[in-house]
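Participant: dropping a prediction and its sequence here:
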Amino acid sequence: MLALLGANVALALGPWWVRLADSGPVSAGFWRIALPLPLFVFLARANRQPLTGIPKRSLIAVLLAGLFFGTDLASWHIGIGMTRLGNATLFGNSGSIIVMVWGLVALRRRPHRAEWLALLAATTGAMILFGRSLEISARTLVGDLFCLFAGLCYAFYIIPLQKARESLGSWALLAWSGLASAPVLLAIALLRSEPIFPHVWWPVLGLALGSQVVGQGLLVWSLKHFPPLVIGLALLCQPVIGVLAGWLAFGETLSPWDGFGMALVAGALVIARGGEKD
């Protein structure tokens with residue numbers, strides 16, 4: 001659970017790194033994927049996780065997930081520059097709803113009362129957190145749509161990757177999915193005529209280390225230990241982190257409603273986790 005929560009903390013800070021990067025937004029996504037690839041290959045070999053001889057069905061699932069992830073990052077990074085960060089965080093995590101619904105379908109049974117309660121608490125908490133900061137207007141609509149599409153793609157990254165995680169190591173999964181994601185991002189960046197190489201490297205290095213190595217590393221590792229319902233609920237922690245980051249870094253005011261929203265999201269995870277143990 002600590003790994004899953006830590007992953008969402010690291011991932012929630014991704015938009016700040018994208019805004020700081022002086023390369024193109026999609027180019028920043030390419031470097032996020034490409035820079036850690038040698039590290040993932042090394043870690044996979046060091047932990048004796050096979051990179052070859054993977055069952056065909058699992059490999060196809062991982063590569064397909066990587067294609068969706070590349071599309072997700074491209075769309076989200078474009079949207080980040082065209083809308084408010086609050087909107088980008090909220091819509092970029094819209095796929096968590098799909099993951100949660102998929103988790104209920106995968107149960108092949110009627111959800112327990114505690115599971116319905118967890119869903120209600122998490123979605124209500126997320127809506128409260130961004131109810132004041134969400135701003136939909138003609139100026140931000142295109143960016144919002146890019147982020148919404150990114151959220152949908154992210155769901156189709158998580159679902160097949162979680163299935164493949166049952167039999168494959170986390171570092172091997174990140175290596176193979178990255179090999180599928182990187183060409184997608186580079187091709188889109190070139191089609192957009194973006195500057196590929198940044199003048200200042202530390203923002204893309206921070207993005208690669210924070211979002212990909214730490215964020216995706218912890219997330220993919222934890223996929224094996226939780227059902228999709230808990231994973232989807234955990235993704236809704238990112239709006240919580242966004243609010244806290246605004247308070248700590250920019251002095252944004254926290255209202256009692258913000259605290260209530262955070263408590264609802266945290267309570268949803270506790271309820272879902274407790275129901276799973278039962």
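Facilitator: All right, it came through fine.
Participant: for Ile78, list the residues it contacts.
Facilitator: The contact partners of Ile78, by CB atoms under 8 Å, 6 or more residues apart in numbering, come to 25-26, 143, 146. C-beta: built from backbone N, CA, C; applies to glycine.
Participant: ok, Ala61 touching Leu161?
Facilitator: Yes: between Ala61 and Leu161 a contact is recorded at 7.4 Å, counting by CB atoms under 8 Å.
Participant: before we move on, the earlier item: farthest-apart pair in the contacts of Ile78, please.
Facilitator: Looking at the contacts of Ile78 by CB to CB, the two members farthest from one another are Val26 and Gly143, with 13.9 Å of separation.
Participant: tell me the confidence at the closest residue to Ala121 other than its chain neighbours?
Facilitator: If you skip the residues right next to it in sequence, Ala121 has Ala268 as its closest partner in space, 4.0 Å away by CB to CB, 6 or more residues apart in numbering. The predicted local distance difference test score for Ala268 is 71.
Participant: pull the number of nearby residues for Ala268.
Facilitator: Here the number of neighbours of Ala268 (other CB atoms under 10 Å) works out to 26.
Participant: can you find the helix or strand of this protein with the lowest average pLDDT?
Facilitator: Averaged element by element with mean pLDDT, DSSP states H and E, the chain has its least confident helix or strand at helix 237-250 (a mean of 65).
Participant: sticking with Pro198, tell me its helix or strand.
Facilitator: For Pro198, there is no enclosing helix or strand under DSSP states H and E.
Participant: give me every residue that touches it.
Facilitator: For Pro198, the contact set (CB under 8 Å, 6+ apart) comprises 21-23, 27-28, 31, 204.
Participant: tell me which two of those sit farthest apart.
Facilitator: Of all pairs drawn from the contacts of Pro198, the widest gap by CB to CB lies between Asp22 and Trp31 and measures 11.7 Å.
Participant: these two - which one has more neighbours?
Facilitator: Relative neighbour count places Trp31 above the other of Asp22 and Trp31, with 25 against 14, counting by other CB under 10 Å.
Participant: the more buried one reaches Leu207, doesn't it?
Facilitator: Yes: taking CB under 8 Å as the contact criterion, Trp31 and Leu207 are neighbours in contact, 7.1 Å apart.
Participant: Val240: neighbouring residues, count only.
Facilitator: If we define neighbours as other CB under 10 Å, then Val240 has 24 of them.
Participant: please read the previous query as pertaining to Met100.
Facilitator: A total of 25 residues lie near Met100 under the criterion other CB under 10 Å.
Participant: list the contacts for it?
Facilitator: Taking CB under 8 Å, 6+ apart as the definition of contact, the neighbours of Met100 are 119, 122, 228-229, 232-233.
Participant: in the stretch 51-200 of the chain, what spans have low per-residue confidence?
Facilitator: 85-87, 106-111, 129-139 (pLDDT under 70).
Participant: strands - which of the contacts of Ile78 land there?
Facilitator: Judged by DSSP state E, the subset of the contacts of Ile78 located in strands is empty.
Participant: thinking again about what came up before, so which strand or helix has the residue nearest to Ala121?
Facilitator: Mapping Ala268 onto the secondary structure by DSSP H and E places it in helix 256-277.
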